[in-house]
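*Asks:* Sequence first, predicted coordinates after that:
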Amino acid sequence: MTHPIPIQFQAVDLDALAVLGGRIAVFADGPTGLSAAVRRVDRLTKGSVTRYLQSDAFSRLKPGEAQDLAWPAGLMAEAIQIVRLPKRCEASIARKAGAAVAKGIGAAGATVLAEGHAQAAEIAFGLAMRAYDFTPHKTGEAKVTGPVVMMVANPEAVAAAAAPGAAVAEGVFFTRDLVNEPANILTTYDFAARLAAMQELGLEVEILEEKQLEKLGMGALLGVGQGSESPSKVVVMQWHGGEKGVAPFALVGKGVVFDTGGISIKPAGGMEEMTMDMGGAGVVAGVMRTLALRKAKANVVGLVGLVENMPDGRAQRPGDVVRSMKGDTIEVINTDAEGRLVLADVMWYTQDRFKPTGMINLATLTGAIIVALGHENTGVFSNNDDLCNAFLKAAKAEGEGAWRMPMGEAYDAKLKSRIADMMNVGGRDGGAITAAQFLQRFVKPDMPWIHLDIAGTALLKADSTLAPKGATGWGVMALNRLIRDRYEGR
């Protein structure tokens, strides 16, 4: 697993600044009000810092952006990095500043002068998040990142404040690794094994195999994977951190380790990205890892349906009818609309067994949500304003884009089947909404529920503020905050 870069928090040492190697990151919002450490660096470089802070180039920097002053005279450092950062700023700007530092860290490492900054812990979080790099399948000389030292006024206090963020970063990295992993490595076997290994963190993990799923009546889920050599599985992860006997909150994830589309096969162009079709399950796994690492005071259960959607002589065909665990029958019009079939059974099982206080499912479910919202926002569908508003608040606080989408009975008519209780698709128009309407049929009455369609946000083709291009880990931060704020009483 890829782990976040370690960050050491140390007291400010003015004498050491003259002999430091690597890079020195300086935070400032202008030529006045500089910390003692920054003033020391300025003197050592014969005023190069203040000259830059007075320049037009600095004035053009936005908060959180950075510029290098290379090979500064008077220092052993390879560069001084000037980061524009007000002393009072929102967490998102502090994280952006930390991410700017992360982009320039090399083998020699970096010293970050965050003396007295109120958002030092958030700077560290942004740095850790942006320093992610997925390299297990690259040969040759490995990229080496040197040590990172943050000089702060109160190292113990900042380290304590940064600890929860470190747990979140571990969860996000776990999710990113899963989503980035190729499908010949991350089979249903391997995925389940990685989740089972989290028992070492205190999670209770159970793997349901195909025979058990057959007995439970999960015909919708099993139909998706019947054309694959990799057996379908459901993995149940439980975290018992709250009061004993209190019903858990539930997270459910779609885990299609590769999606060819099945018999309704996808076009070849871009199909390689379908290694990310298990993104919903990856987020659930990352959240559960975070909760265990930070010893969350809440009861949470995470369930993922792991399948592979392949064309084969045994594969599900368009026109087949399957029976869900709930008992409803589904006419499979398009085998590429498989994620909702997986979720239908896992969601029903989750409610039947755990009777949760609320349930959120995540899935890279539809291309239609990308048409609607692009890659900036996840589509949010819900039957409960209170839970939905709490989630949207958490997502906004963490800077993870989310936008509530409409639902309504009028969309249900598009799912009507001539030969079964419903079809699994409702046509091209409103495709993300009809998918949500389909899922809602497997939500029990009075169950607070949210469906998150992360098709546009799970994997990006360009860098984002806190991640390089590729898997983002979207949702781990927001869901962790939702659980912390709503279920831990903090």
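*Replies:* Looks like it came in fine.

*Asks:* List the contacts of residue 378.
*Replies:* Shown in contact with residue 378 (CB atoms under 8 Å, 6 or more residues apart in numbering): 369, 395, 400-403, 452-454, 456-457, 474-475. Just so you know, the C-beta spots here come from the backbone N, C-alpha and C atoms, and that holds for glycine as well.

*Asks:* Adding pLDDT and neighbour count, write those residues out as a markdown table.
*Replies:* As requested, the contacts of residue 378 are exported to a markdown table (pLDDT from 0 to 100; neighbours: other CB atoms under 10 Å):
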| residue | pLDDT | neighbour count |
| --- | --- | --- |
| 369 | 98 | 28 |
| 395 | 98 | 24 |
| 400 | 98 | 21 |
| 401 | 98 | 16 |
| 402 | 98 | 25 |
| 403 | 98 | 14 |
| 452 | 99 | 28 |
| 453 | 99 | 32 |
| 454 | 98 | 26 |
| 456 | 98 | 24 |
| 457 | 98 | 28 |
| 474 | 98 | 32 |
| 475 | 98 | 32 |
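
*Asks:* Just the closest of those to residue 91, please.
*Replies:* Using CB to CB, residue 400 comes nearest to residue 91 of the contacts of residue 378, at 12.6 Å.

*Asks:* Contact partners for the closest one?
*Replies:* Residue 400 neighbours (CB under 8 Å, 6+ apart): 378, 457, 474, 475, 477, 478.

*Asks:* what do you get for residue 65?
*Replies:* With CB under 8 Å, 6+ apart, residue 65 has these contacts: 83, 84, 96, 100.

*Asks:* Please apply the same query to residue 152.
*Replies:* By CB under 8 Å, 6+ apart, the residues touching residue 152 are 9, 10, 11, 12, 114, 115, 116, 117, 120, 158.

*Asks:* What about the residue nearest to residue 422 when sequence neighbours are not counted, how many residues nearby?
*Replies:* Distances taken as CB to CB, 6 or more residues apart in numbering put residue 415 closest to residue 422, at 4.8 Å, once the chain neighbours are dropped. By the measure other CB atoms under 10 Å, the count of residues near residue 415 is 21.

*Asks:* Likewise for residue 397?
*Replies:* Neighbour count of residue 397, defined by other CB under 10 Å: 16.

*Asks:* which two from the contacts of residue 65 end up farthest apart in space?
*Replies:* 84 and 96, at 10.0 Å, using CB to CB across those.

*Asks:* Mind listing the shared neighbours of the two?
*Replies:* 63, 64, 65.

*Asks:* Now do residue 274, the pLDDT please.
*Replies:* Predicted confidence (pLDDT) for residue 274: 98.

*Asks:* Surely it is in a strand?
*Replies:* No - read with DSSP: H, G, I helix; E, B strand; the rest coil, residue 274 is helix and lies in no strand.

*Asks:* List the contacts of it.
*Replies:* Per CB under 8 Å, 6+ apart, neighbours of residue 274: 183, 256, 258, 259, 260, 266.

*Asks:* run the last query once more with 7 Å
*Replies:* Counting by CB atoms under 7 Å, 6 or more residues apart in numbering, residue 274 touches 258, 259.

*Asks:* how near is the residue lying farthest from the centre of the chain to residue 69?
*Replies:* In the chain, the residue that sits farthest from the middle, by CA atoms, centre = their mean, is residue 46; the gap is 44.3 Å. Between residue 46 and residue 69 the computed distance is 12 Å (CB to CB, to the nearest Å).

*Asks:* Just the element for the residue farthest from the centre of the chain, please.
*Replies:* Under the criterion of DSSP states H and E, residue 46 resides outside all helices and strands.

*Asks:* Show the backbone phi and psi for residue 296.
*Replies:* Per-residue torsions, residue 296: phi -60, psi 140 (degrees, to the nearest 10).

*Asks:* same question but for residue 30, I mixed them up
*Replies:* phi 160, psi 180.

*Asks:* could you say which helix or strand contains residue 178?
*Replies:* Here residue 178 sits within helix 155-180, counting by DSSP H and E.

*Asks:* what do you get for residue 128?
*Replies:* Per DSSP H and E, residue 128 falls inside helix 120-130.

*Asks:* can you check residue 239 too?
*Replies:* Short version, using DSSP H and E: residue 239 is in strand 233-240.

*Asks:* Please apply the same query to residue 305.
*Replies:* strand 299-309.

*Asks:* Off-centre distance for that strand?
*Replies:* Distance of strand 299-309 from its chain centroid, counting by CA atoms, centre = their mean, to the nearest Å, is 15 Å.

*Asks:* so for that strand, what's the average pLDDT?
*Replies:* Mean predicted confidence for strand 299-309 is 99.

*Asks:* Report the buried residues of it.
*Replies:* For strand 299-309, burial by neighbour count (16 or more other CB atoms under 10 Å) applies to 299, 300, 301, 302, 303, 304, 305, 306, 307, 308, 309.

*Asks:* May I see the residues you listed arranged in a markdown table, with distance to residue 201 as well?
*Replies:* Below are the buried residues of strand 299-309 laid out as a markdown table (distance: CB to CB, whole Å):
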| residue | distance to residue 201 |
| --- | --- |
| 299 | 16 |
| 300 | 13 |
| 301 | 15 |
| 302 | 13 |
| 303 | 17 |
| 304 | 16 |
| 305 | 22 |
| 306 | 20 |
| 307 | 25 |
| 308 | 27 |
| 309 | 30 |
